[in-house]
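Peer 1: Requesting a structural model of the entry that follows:
(one chain, ligands or ions: 1)
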Amino acid sequence: MIHRNTLLPIALLLTAPALLQAQRAPIQIAADLSDAPRKLYHAEIEIPVTPGPVTLTTPKWIPGNHRPTGPVDDITGVVFTVNGKVLPWRRDDEDLYQFHVTIPAGVTTLHAHIDCIVTARISQKLAVLEWEKLLLYPAHTPVKEIPVQPSVKVPEGWGIGTALTPTDGYDPQNPKGGTTHYAATTVEQLEDSPVITGEYFHEFPLAPEVTPRHYIDVVADSPEDSQLRPALLVELSNLVRETGAAYNSRHYNVYHFLLTLSDVAGGEGLEHGQSSDNGVGEKGFSDPNHQLAESDLLSHEFTHSWNGKYRRPFNLYQDTFAKMQEGSLLWVYEGMTQYLGNVLAARSGLKSQDQYRDMLAMSAANLDYKPGRDWRSTEDTAIAASILRGGNPAWANWKRGQDYYQEGELFWLDADTTIRKLTDNKKSLTDFLHIFLAKGGNTGPLIVTYNRDELIADLNQVVKYDWATFMHDRIDAINPHADLAGIEQGGYKLVFTDKPTKSERTIAMSGGRRGGIDVWYSIGIRVNGEGNITDVRWNGPADKAKLFPGQKIIAVNGNVFSGDALKEAIKDAKGKAEPIHFVLQSDTFVTNADIDYHDGERYPSLVRVDGTSDYLDDITKPLTTPEKSPAEKKDNEPAD
Ligand SMILES: [Zn+2]
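Peer 2: Next up is the predicted model:
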């Protein structure tokens, strides 16, 4: 385990993998993605062994997923051979990720063949390889001590994007498909180095004056989508420069944003030290309005290279992928990244300052109207992270979800504005980041763990304050209301008005992942365009009328359901005594319900409080001189 806050071990660790590689022959892994259009991956693996019993394993706890998501159930066709002869194996009775074999006398290399049935991040035209799908290596050995040398075979003509170092002259500007060989690394680093491949592939360099080098690699389902807009490339180059100013260090030898644009390959945002695996819909970045819903994705995942990958909570890091990764500090790992991802998106021009505030309002309102906060702390959402991800939306507001992301965002905004207030805006969270994220200076990919005491000590280096109590009150305690202090210290106030912000309307029109009919702050239901209710706000007007998730609205006030009919009924009921009448279907039953709600439509936004310090707009100003992005035509522009 790597310990925090000690410079000497950092220096030693930098050289450790190289020494070990020199001492031990690497595993040779030949990944074969040539069957990707049929959603099958294969691998031939040569594992150095000594005679006697050997236990091999595939990864279970996947870094960044914070869950035991290793796809062992999809790994199939496992055959071990020595010198061409099949060797029997037996799965471990308790750890189902492990395979036991006995190596005969005189044998030094074990051959393994495995296939993986791939269910996500794949289409007819592109594929993503996260290495847990094909890795097999000795169990019970720290993964940073196991050398491995990969190669990747892809269909004819397909391009490859990865942070791995090619050793046979792969040219991303002229991809030919076939096999590419990569320099030896460790199992820990290979697991952290995904590969994207596709027929429609482009690699674009970013911020060419910055070292180390940065690229964005794109694969798409159609050729026109893989040509990114010049404005987006300018904004991403600004992002690269902004991270230099904000984090004052880099912890990679090269950085690749890996981006898939596909309506079938699925959404993704998975951080790695030297790359990130990002997946959005086919049109996710096709114009500034579509981009808005995804505007913090790339800045968030990139920020993780510092906050999460380089600096890792002590209990989230394990030396093998077999051990549980504990989540109690995810409000730092994810929460501070959520804050910085949005702030740096605004500083880089990926969204405007207005859009930043509109989206902060949506996020803060969502947390403030989350009744589950009456029983569950933010810290508990982090500790329970591995059982909260991807949960059922029914009563999610009472259960709470992975709220440590957005709660953490408000916490770090509160911390940033508190530092500014205490120092008359002479210092900010940037001073903390220069200490916390840049400890050890520039490094290659490396993991340096931390605990809460180090956070408190580093904050105290910026400005003396009772940071321990500050954290305890906001993170560990039960708080019936969201931490809106950062917004207020930033010179703004969360309010509700009868018209959605322009950003909320833009996202709804672009059909982004956050779109929908927003009646959450009025009658208190989440409902889609077909009338299906996915959640009912605990103690809200619809809850009092006994509506429940899973019902479908058939009619409202005598009209067949539509989003407009619902909004019209809410508007009409304002200030009147008559309740809103609903006809609801649940399974094969139809019922009536009346919602007694008379306050009209309510949508969150931030308004400026005159005469207060405008820290919020200081925070979202660029730290570097931004390159201007070219003016563009916007589709789906909502009317003012
Ligand atoms: Zn994240």
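Peer 1: ok, which residues in the stretch 301-450 of the chain are in contact with the ion?
Peer 2: With CB under 5 Å from the ion as the criterion, the stretch 301-450 of the chain meets the ion at residues 334, 337. Backbone N, C-alpha and C define where each C-beta goes, glycine included.
Peer 1: how does it look with 8 Å?
Peer 2: With CB under 8 Å from the ion as the criterion, the stretch 301-450 of the chain comes near the ion at residues 301, 304, 308, 333, 334, 337, 338, 341, 405.
Peer 1: Tell me the backbone dihedrals of the first one, please.
Peer 2: To tie it back to what came earlier, the one meant is residue 301. phi -60, psi -40 (degrees, to the nearest 10).
Peer 1: mind listing what it touches?
Peer 2: Residues in contact with residue 301 (CB atoms under 8 Å, 6 or more residues apart in numbering) are 257, 269, 270, 271, 276, 277, 278, 341.
Peer 1: can we see that at 6 Å?
Peer 2: Neighbour list for residue 301: 269, 271, 276, 278 [criterion: CB atoms under 6 Å, 6 or more residues apart in numbering].
Peer 1: do residue 538 as well
Peer 2: Residue 538 neighbours (CB under 6 Å, 6+ apart): 371, 397, 398.
Peer 1: How about residue 427?
Peer 2: Contacts of residue 427 by CB under 6 Å, 6+ apart are 419, 462.
Peer 1: and it, which of the three is it?
Peer 2: Put simply, residue 427 is coil when judged by DSSP: H, G, I helix; E, B strand; the rest coil.
Peer 1: Quick check: it vs residue 462, distance?
Peer 2: Residue 427 sits 6 Å away from residue 462, taking CB to CB, to the nearest Å as the criterion.
Peer 1: same deal with residue 544?
Peer 2: 47 Å.
Peer 1: between these two, who's got more neighbours?
Peer 2: Using other CB atoms under 10 Å, the more surrounded residue of residue 544 and residue 462 is residue 462, with 22 against 13.
Peer 1: hang on, that one packs against residue 432?
Peer 2: Yes: with contact defined as CB atoms under 6 Å, residue 462 reaches residue 432; the gap is 5.0 Å.
Peer 1: can you tell me the helix or strand for the residue most central in space within the chain?
Peer 2: Taking CA atoms, centre = their mean, the centroid of the chain lies closest to residue 269, which sits 4.0 Å from it. If you go by DSSP states H and E, residue 269 is part of strand 268-271.
Peer 1: And residue 338, by the same measure?
Peer 2: helix 335-348.
Peer 1: What lies in contact with that helix?
Peer 2: 235, 238-239, 242, 295-296, 299-300, 303-304, 307, 351, 353, 356, 404-405, 408-409, 411-413, 619-620, 622.
Peer 1: ok, and what's touching whichever helix or strand comes after it?
Peer 2: As assigned by DSSP H and E, the chain's next helix or strand after helix 335-348 is helix 353-368. Where contact means CB under 6 Å, 6+ apart, the residues beyond helix 353-368 that reach it are 346, 406, 481, 482, 494, 501, 503, 604, 605, 606, 617, 620.
Peer 1: go again using 7 Å as the cut-off
Peer 2: 292, 342, 346, 403, 406-407, 409-410, 481-482, 484, 487, 492, 494, 501-504, 521, 604-606, 616-617, 620 (CB atoms under 7 Å, 6 or more residues apart in numbering).
Peer 1: Drop anything exposed from these.
Peer 2: With burial judged by 16 or more other CB atoms under 10 Å, the buried subset of the contacts of helix 353-368 is 292, 342, 346, 403, 406-407, 409-410, 482, 484, 487, 492, 494, 501-504, 521, 604-606, 616-617, 620.
Peer 1: Restricted to helices, list those residues.
Peer 2: 292, 342, 346, 406-407, 409-410, 487, 502-504, 616-617 (DSSP state H).
Peer 1: State the pair within those residues that is farthest apart.
Peer 2: 407 and 502 (25.9 Å; CB to CB).
Peer 1: ok, and for the helix or strand encompassing residue 114, which residues are buried?
Peer 2: Secondary structure assignment for residue 114, by DSSP H and E: strand 109-117. Neighbour-count burial for strand 109-117 flags 110, 111, 112, 114, 115, 116 (criterion: 16+ other CB under 10 Å).
Peer 1: what does stretch 461-477 give?
Peer 2: Using 16+ other CB under 10 Å as the test for burial, stretch 461-477 gives 462, 463, 467, 470, 471, 474, 475.
Peer 1: That one: end-to-end distance?
Peer 2: One end of stretch 461-477 sits 25 Å from the other (CA to CA, to the nearest Å).
Peer 1: can you list the residues that contact that stretch?
Peer 2: Counting by CB under 7 Å, 6+ apart, 331, 377-379, 411, 414, 419, 422-423, 427, 431-432, 435, 452, 456, 459-460, 483 sit against stretch 461-477.
Peer 1: residues from the chain in reach of the ion?
Peer 2: Residues of the chain lying near the ion (CB under 8 Å from the ion): 64, 269, 271, 300-301, 304, 308, 333-334, 337-338, 341, 405.
Peer 1: Nearest to residue 121 among the residues you listed?
Peer 2: For these, the nearest to residue 121 is residue 269 (11.7 Å; CB to CB).
Peer 1: Pretty sure that closest one sits against residue 297.
Peer 2: Yes: here residue 269 lies in contact with residue 297, judged by CB atoms under 7 Å, at a distance of 5.3 Å.
Peer 1: Show me the common contact partners of those two, please.
Peer 2: With CB under 7 Å, 6+ apart, residue 269 and residue 297 have common neighbours residue 278.
Peer 1: Tell me where the model's unsure across this structure.
Peer 2: 1-23, 511-516, 633-636, 639-640 (pLDDT under 70).
Peer 1: returning to that earlier point: would you mind listing which of the contacts of stretch 461-477 are buried?
Peer 2: Taking 16+ other CB under 10 Å as the criterion, what is buried in the contacts of stretch 461-477 is 331, 377-379, 411, 414, 419, 431-432, 452, 456, 459, 483.
Peer 1: secondary structure class for whichever residue of the stretch 1-150 of the chain sits closest to the ion?
Peer 2: Among the residues of the stretch 1-150 of the chain, residue 64 lies closest to the ion, at 7.4 Å counting by CB to the ion. For residue 64, the secondary structure call by three-state DSSP comes out as coil.
Peer 1: and if you look at residue 218?
Peer 2: Three-state assignment for residue 218 (three-state DSSP): strand.
Peer 1: Show me what it bridges to in the sheet.
Peer 2: Taking DSSP bridges as the rule, residue 218 bridges to residue 202, residue 259.
Peer 1: distance of it from the ion?
Peer 2: Distance of residue 218 to the ion, computed by CB to the ion, to the nearest Å: 21 Å.
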